[in-house]
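Novice: Any chance you could fold what I've pasted below:
(2 chains)
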Amino acid sequence: DQQVKQNSPSLSVQEGRISILNCDYTNSMFDYFLWYKKYPAEGPTFLISISSIKDKNEDGRFTVFLNKSAKHLSLHIVPSQPGDSAVYFCAASAQTGANNLFFGTGTRLTVIP
Amino acid sequence: DTEVTQTPKHLVMGMTNKKSLKCEQHMGHRAMYWYKQKAKKPPELMFVYSYEKLSINESVPSRFSPECPNSSLLNLHLHALQPEDSALYLCASSQDGRGFETQYFGPGTRLLVL
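Specialist: Numbers count the residues shown, from 1 in each chain, chains lettered A, B, ... in the order given. Sure, this is the predicted structure:
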C-alpha cells in the first residue's frame, strides 16, 4: 500500500517558468516531509524539508508547501533551469517510526531551454 | 560535508557467490540505512542501524546480512542471491535515527545477479 503518492509521473516546463510538483500522503502520523532530486545512476540528493508545524519552507528557488488537512504537499521551483531536469521524490516520516522514510514514486521534471 | 560513499559502484555476481557492499560516512551521524530501489520504483527500506545496533529489519530475506562495524561504516553481505535481487542498493545516514531528520544518500551500488 503506497502511503506517499506522486500522481504525475512526468512534467515539462519552459526555462524561467515555475515548476510545481505535487505529492499526497495517506498516513496522518507523518510529521516530517522531504523532497529529493535524483539523477540517473546517482543516489537521491536532499533538496528541502518541512515539519508538520509549518505550512511553508523556502530555500532559494525552492519552496515547499504543506496542507495538513488535505494531506498534500507541493514543491515549487522558480525560476526553473535546465539543470533542474531530474526525477523528484517526495518522502515522509513519522517521529514514532524510527525515521523510516516512505517515498513517493517520483516525478520526472524536464525543463526545456 | 554531506557525503556518503559507497563501493563498488557496479557489481555482477552469480547466484552462488558471496560479496559485500560497503558504505562510509564522516558526518558524525549515528544512524545508517540500507535501501533497495528497483527500476521505476521508489527506494524501499531494508535495514536501519542506530548507534551501531540494528533497530529495524524490514522482513528482508536472510541472504542479505547487514553489519555495522563502527559508526562510520555499514556493510551489506550478500550470499546466494536471486536474479530478482538485482537492483540499486542505496546507503543513507542521518543524525541519530530519531524523528525530524534528513537522510543523506550515497550514489548507490548497482547490483546484477545472474
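Novice: switch to C-alpha atoms for all contacts and neighbour counts from now on
Specialist: Noted.
Novice: Hmm, A:Arg17 and A:His76 touching each other?
Specialist: No - using CA atoms under 8 Å, A:His76 makes no contact with A:Arg17, being 10.4 Å away.
Novice: okay, the two: which has more neighbours?
Specialist: For the pair A:His76 and A:Arg17, the greater number of neighbours falls to A:His76 (17 against 14), based on other CA atoms under 10 Å in any protein chain shown.
Novice: For the more buried one, list the residues it contacts.
Specialist: A:18-21, A:61-64 (CA atoms under 8 Å, 6 or more residues apart in numbering or on different chains).
Novice: Would you mind giving the secondary structure of the residue of chain B most remote from its centre?
Specialist: The outermost residue of chain B relative to its centre, with distances by CA atoms, centre = their mean, is B:Phe100 at 21.0 Å. Three-state call for B:Phe100 (DSSP: H, G, I helix; E, B strand; the rest coil): coil.
Novice: What about the closest residue to it other than its chain neighbours, how many residues nearby?
Specialist: Spatial nearest neighbour of B:Phe100, chain neighbours left out: A:Tyr32 (5.6 Å); criterion: CA to CA, 6 or more residues apart in numbering or on different chains. A:Tyr32: 22 surrounding residues under other CA under 10 Å.
Novice: ditto for A:Val64
Specialist: 24.
Novice: cool, B:Leu111 as well?
Specialist: Other residues close to B:Leu111 by other CA under 10 Å number 19.
Novice: got it, and A:Ser10?
Specialist: Residue neighbour count, defined by other CA under 10 Å, stands at 15 for A:Ser10.
Novice: Could you do A:Gly60 as well?
Specialist: By other CA under 10 Å, neighbour count at A:Gly60 equals 7.
Novice: Tell me how far A:Asn7 lies from chain B.
Specialist: According to CA to the nearest CA, to the nearest Å, A:Asn7 stands 13 Å off from chain B.
Novice: same question, A:Ser49
Specialist: A:Ser49 is 8 Å from chain B, where distance means CA to the nearest CA.
Novice: Which strand or helix spans that residue?
Specialist: According to DSSP states H and E, A:Ser49 maps onto strand A:45-51.
Novice: Many thanks, have a good one.
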